[in-house]
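A.B. asks: would you be able to build a 3D model of this:
(one chain, ligands or ions: 1)
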Amino acid sequence: MPSASASGPVVVTGGAGAVGSALVRALLNRGVRVRVIDNLSSGRREHLPTPDGDRLSLVVADIKRPEQYGSALDGASAVWHLAANTDIRKGSDGPRLDLEEGTVASAILLEEMRRHDVPAIRYSSSSVVYGWAKTLPTPEEYGPLEPQSLYAASKLAVEGLVCAYAYSHGLRTHIFRFANIIGPGMTHGILYDFFEKLARDPTRLEVLGDGRQSKSYLRTEDCVDGMLLAADRAAGPVNTFNLGTRDRTSVRQIAEKVVAAHGGRARIEYTGGERGWAGDVPVQLLAIDRMERLGWTPRHSSDEAIDRTIAEIQTARAGSKPRA
Ligand SMILES: NC(=O)c1ccc[n+]([C@@H]2O[C@H](COP(=O)([O-])OP(=O)(O)OC[C@H]3O[C@@H](n4cnc5c(N)ncnc54)[C@H](O)[C@@H]3O)[C@@H](O)[C@H]2O)c1
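C.D. replies: Now for the predicted structure:
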């Protein structure tokens, strides 16, 4: 079996997704060779640069099916593991979804990594592992961790698996607990949902909950910079980091900004209740001191991230409209 070296290629699962494809570009810019494994369930081939021999390859495969991708792990120096079901609400309708696409899929990947001697994993977890935390901003040491959705339960379960492989098999591990990540290429999330709703009916915008939910929104490029910096600088066996902004924004403010950007005609209708849906965590703000001590700080606040992403979505939608 070829042995992995620090200079070997890296594998990015979920690399055709919104965050994954931004990470792939950043890795390529650093001169790292990248192999993407993605089943294109929510990711898009066009999010990625054109595959280019040894520099970038795309294996269209399901991480639950190692026979489809095992050779992509040969000689790899690390796996950035981002593949997962990313539609949180879908998980409450189909309870096996997060179990299979998150927990089981990650367990299969970890075992395949062990078989191929891949020495390191970087995992995209989420702030949802904290549940509705009583301490804000919430530090990495906060507990007890009480996930409130099956998606969150799966993120926490995978953190557990990754830690177990770190201590039982020497896998070097970075765990990143993301706030809400926004930027180009999103196929889910609040801004995507609001623009989709307005495209269907420009006269009204239905908002789930009472609009007072308040969370932190981090730009994709800030998230990617943080992950790369932590992977470079944090060298313990298990390195867990929150990635978010120091501020938060309410759903009401976001709805008003989207409606204004859409011409200001739509009526905003709240469905009511403090949560957007069963399992939603209405208030979220991460402590980012640990990342700041490493030398990272987000370049955009939540509001700046939202404004910039709204402007990008508007431009993209204007460009894709058929000419009259
Ligand atoms: N975007 C956020 O706000 C946010 C917040 C917290 C955590 N995360 C985590 O970050 C990661 C990336 O999220 P994203 O926003 O880029 O979502 P995304 O849906 O754009 O990306 C997920 C990618 O994984 C792929 N995928 C899903 N199941 C797969 C499987 N079984 N085998 C192979 N590929 C599979 C999809 O096709 C997609 O390309 C996910 O793990 C997500 O849970 C995202």
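A.B. asks: buried ones in stretch 82-93?
C.D. replies: Using 16 or more other C-beta atoms under 10 Å as the burial criterion, the residues of stretch 82-93 that qualify are 82-89, 91-92. To be clear about C-beta, it is placed using only N, CA and C from the backbone, and glycine gets the same treatment.
A.B. asks: scratch that, stretch 106-124 is what I was asking about
C.D. replies: So stretch 106-124, judged by 16+ other C-beta under 10 Å, has buried residues 106-107, 109-110, 112-113, 116, 118-124.
A.B. asks: just the terminal-to-terminal distance for stretch 42-52.
C.D. replies: In terms of C-alpha to C-alpha, to the nearest Å, the two terminal residues of stretch 42-52 are separated by 23 Å.
A.B. asks: can you list the residues that contact stretch 206-216?
C.D. replies: Here stretch 206-216 makes contact (C-beta atoms under 8 Å, 6 or more residues apart in numbering) with 127, 179-180, 194, 197, 244-252, 255, 268-277, 280-286, 302.
A.B. asks: please name the nearest non-neighbouring residue to His116.
C.D. replies: Leu73 (3.9 Å; C-beta to C-beta, 6 or more residues apart in numbering).
A.B. asks: what's the neighbour count on the nearest residue to Gly263 once chain neighbours are set aside?
C.D. replies: Excluding its sequence neighbours, the residue lying closest to Gly263 (C-beta to C-beta, 6+ apart) is Pro202, at 7.4 Å. Number of residues near Pro202 (other C-beta atoms under 10 Å) recorded here: 13.
A.B. asks: so Pro202 versus His262, what's the distance?
C.D. replies: Pro202 is 7 Å from His262, where distance means C-beta to C-beta, to the nearest Å.
A.B. asks: mind listing the strands for the chain?
C.D. replies: 10-13, 34-38, 56-60, 78-81, 120-126, 172-178, 180-182, 204-207, 214-215, 217-219, 238-243, 249-250, 267-270 (DSSP state E).
A.B. asks: and these as CSV, adding mean pLDDT and distance to the ligand?
C.D. replies: Shown next, in CSV, are those (pLDDT from 0 to 100; distance: least, C-beta to the nearest ligand atom, whole Å):
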stretch, mean pLDDT, distance to the ligand
strand 10-13, 98, 6
strand 34-38, 98, 4
strand 56-60, 98, 9
strand 78-81, 98, 8
strand 120-126, 98, 4
strand 172-178, 98, 4
strand 180-182, 98, 4
strand 204-207, 98, 18
strand 214-215, 98, 10
strand 217-219, 98, 8
strand 238-243, 98, 9
strand 249-250, 98, 14
strand 267-270, 98, 22
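A.B. asks: okay, these in CSV with distance to Arg96 next?
C.D. replies: Shown next, in CSV, are these (distance: least, C-beta to C-beta, whole Å):
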stretch, distance to Arg96
strand 10-13, 20
strand 34-38, 21
strand 56-60, 23
strand 78-81, 20
strand 120-126, 19
strand 172-178, 24
strand 180-182, 25
strand 204-207, 28
strand 214-215, 27
strand 217-219, 30
strand 238-243, 27
strand 249-250, 33
strand 267-270, 32
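A.B. asks: just the buried ones from the contacts of stretch 206-216?
C.D. replies: The buried subset of the contacts of stretch 206-216 (16+ other C-beta under 10 Å) comprises 127, 179-180, 194, 197, 244-252, 255, 270, 276, 280-282, 284-286, 302.
A.B. asks: Asp62 is in contact with Leu40, isn't it?
C.D. replies: No - Asp62 is beyond contact range of Leu40, at 9.9 Å (criterion: C-beta atoms under 8 Å).
A.B. asks: more neighbours, the two?
C.D. replies: Using other C-beta under 10 Å as the criterion, Asp62 and Leu40 rank with Asp62 on top: 17 against 14.
A.B. asks: can you count the residues close to the closest residue to Thr50 other than its chain neighbours?
C.D. replies: Leaving aside its sequence neighbours, Thr50 sits nearest to Leu56 (C-beta to C-beta, 6+ apart; 7.9 Å). The number of residues packed near Leu56 is 22, by other C-beta under 10 Å.
A.B. asks: gap between Leu56 and Tyr192?
C.D. replies: 26 Å.
A.B. asks: cool, and Pro49?
C.D. replies: 23 Å.
A.B. asks: hang on, the earlier thing: wait, which of the buried residues of stretch 82-93 is closest to Arg308?
C.D. replies: Thr86 (21.0 Å; C-beta to C-beta).
A.B. asks: quick check: the closest one touching Gly43?
C.D. replies: No - contact criterion C-beta under 8 Å: Thr86 and Gly43 do not qualify, at 9.5 Å.
A.B. asks: mutual contacts of those two, please.
C.D. replies: Joint contacts of Thr86 and Gly43 (C-beta under 8 Å, 6+ apart) are 17, 187.
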